[in-house]
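Visitor: Give the three-dimensional model of this entry:
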Amino acid sequence: MPETPIKILFVCTGNICRSPTAEGVLRHLAEEAGLSDRFVVDSAGTHEYHAGSPPDARAMRIALCHGVDISNQRARRMVRKDFERFDYVIALDQSHKRFMAESFAEGAAAEIYLLMEFAPDTGYLDVPDPYDGDEEDFERTYGLIETAVGNLFAKLRATLD
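Guide: Predicted coordinates:
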């Protein structure tokens, strides 16, 4: 009987910059490790501003420079059922965590984490939103996400052994 996969949802505001990047990085790490079948990874936004849209072109470009293709993702707004479906709901900043706790989490099975909890040495609690910035902001954001998601993956992978 196959093992039950670990289900992770990354959440940011519009689901076009930070959360799709985090989803892409975790998928990439799982694929590289030959563990794609052990993870279900998704992303969503707290708001539906960009529902149905692909990730921001700058986020796609920076991710691809790091070997991660996020171009097939499409933005969606999170729903209450996500808290039943996913084992880990991971907010990209504190405002997302508060919003989810107030709007969705009552009686939910999934605990809400901040992504940067997995990278405390960075000194960041929030992953900065690069949307109004430039390529350098997207690169900085990618680096933070890559570090935190890498640590998260190592932690989750250890539970599979």
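Visitor: How much space separates Leu115 from Thr46?
Guide: For Leu115, the distance to Thr46 (C-beta to C-beta, to the nearest Å) stands at 14 Å. Every residue, glycine included, has its C-beta placed from N, CA and C.
Visitor: cool, Ser19 as well?
Guide: With C-beta to C-beta as the criterion, Ser19 and Thr46 are 10 Å apart.
Visitor: joint contacts of these two?
Guide: 11-12 (C-beta atoms under 8 Å, 6 or more residues apart in numbering).
Visitor: More neighbours: which of these two?
Guide: A direct count of neighbours by other C-beta atoms under 10 Å for Ser19 and Thr46 places Ser19 higher, at 32 against 23.
Visitor: Show me what counts as buried in the helix or strand hosting the more buried one.
Guide: Assigned by DSSP states H and E, Ser19 falls within helix 18-32. Counting neighbours by 16 or more other C-beta atoms under 10 Å, one finds that the buried residues in helix 18-32 are 18-30.
Visitor: Which helix or strand lies directly C-terminal to that helix?
Guide: strand 39-45.
Visitor: what's the angle between that next one and helix 18-32?
Guide: Taking axes from the mean of the first three to the mean of the last three C-alpha atoms, to 10 degrees, one finds strand 39-45 and helix 18-32 inclined to each other by 170 degrees.
Visitor: Which other helices and strands does strand 39-45 contact?
Guide: With contacts defined as 3 or more C-beta pairs under 8 Å, 6 or more residues apart in numbering; DSSP states H and E, the packing partners of strand 39-45 are strand 6-12, helix 18-32.
Visitor: Which one of the ones you listed lies nearest to Glu146?
Guide: helix 18-32 (5.6 Å; C-beta to C-beta).
Visitor: mean confidence for the closest one?
Guide: Average pLDDT, helix 18-32: 98.
Visitor: And for stretch 38-51?
Guide: Mean predicted confidence for stretch 38-51 is 95.
Visitor: contacts for that stretch?
Guide: So stretch 38-51 is in contact with 3, 5-16, 19-20, 22-23, 26-27, 30, 73, 75-79, 82, 86, 96, 99-100, 103, 156, 160, going by C-beta under 8 Å, 6+ apart.
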